[in-house]
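Enquirer: need a structure here:
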Amino acid sequence: MTTRKISFTLNGEHKEFDVLPNERLLSLLRRNGFKGTKYGCLEGACGTCTVILDGKAVNSCLVFAFQVNGRSVQTVESLGIGEKLHEIQEALVSEGAVQCGYCTPGIVLSAKAMFDENPTPTVDEIKVQIDGNLCRCTGYEKILVAIDKVSKSHNQGGK
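Expert: The predicted structure is shown next:
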């Protein structure tokens with residue numbers, strides 16, 4: 001198959017890649033070292049492959065790589081600096097909402113996309129936002145508490 005060159009902003013940096021016509025964004029990211037974007041159902045049902053595309057949380061398994069040409073993609077690797085976790089990651093850890101961790105990057109990015117649009121969502125809005133992120137370990141309660149904790153800190157002027 002013939003490859004096509006695409007370019008887009010990835011985690012704030014301009015990048016160019018050669019992609020196959022049927023290659024998914026998920027595969028492109030993983031083959032280039034962005035392992036926080038996980039393989040899951042490959043049908044858009046589990047959220048383990050969530051990335052932020054032009055400010056919106058999307059399932060990268062449903063996006064062809066060529067579709068991101070000229071756009072902006074953010075992966076979990078862009079969050080936190082060194083040992084300093086992003087506030088969403090910090091809240092998930094402090095509330096015990098991280099078990100096996102497989103779903104965590106997708107949940108973090110879904111929450112980040114929500115907070116970027118609405119820094120103080122309600123619990124119901126949080127539930128809607130993370131509805132596409134499946135977790136088999138935590139039972140979701142701790143995840144909701146952690147994300148709501150971030151929302152409440154924004155209400156109090158933190159961020």
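Enquirer: burial measure for Ser7, as a count.
Expert: For Ser7, the count of nearby residues is 13 (other CB atoms under 10 Å). Using the backbone N, CA and C atoms, a C-beta is placed for each residue, glycine as well.
Enquirer: okay, now the domains of this structure?
Expert: Domains of the chain are assigned by automatic domain parsing as 4-78, 87-155.
Enquirer: how long is the longest one from one end to the other?
Expert: Taking CA to CA, to the nearest Å, domain 4-78 runs 26 Å from one end to the other.
Enquirer: Also the last one?
Expert: Domain 87-155 has an end-to-end distance of 14 Å (CA to CA).
Enquirer: centre of the chain versus that domain, how much separation?
Expert: Centroid separation between domain 87-155 and its chain, computed with CA atoms, centre = their mean, to the nearest Å, is 11 Å.
Enquirer: what's the closest non-adjacent residue to Asp148?
Expert: The shortest distance from Asp148 to any non-neighbouring residue, by CB to CB, 6 or more residues apart in numbering, is to Val123 (5.5 Å).
Enquirer: Same list (the domains of the chain) but as a markdown table, adding mean pLDDT.
Expert: Below are the domains of the chain laid out as a markdown table (pLDDT from 0 to 100):
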| stretch | mean pLDDT |
| --- | --- |
| domain 4-78 | 97 |
| domain 87-155 | 95 |
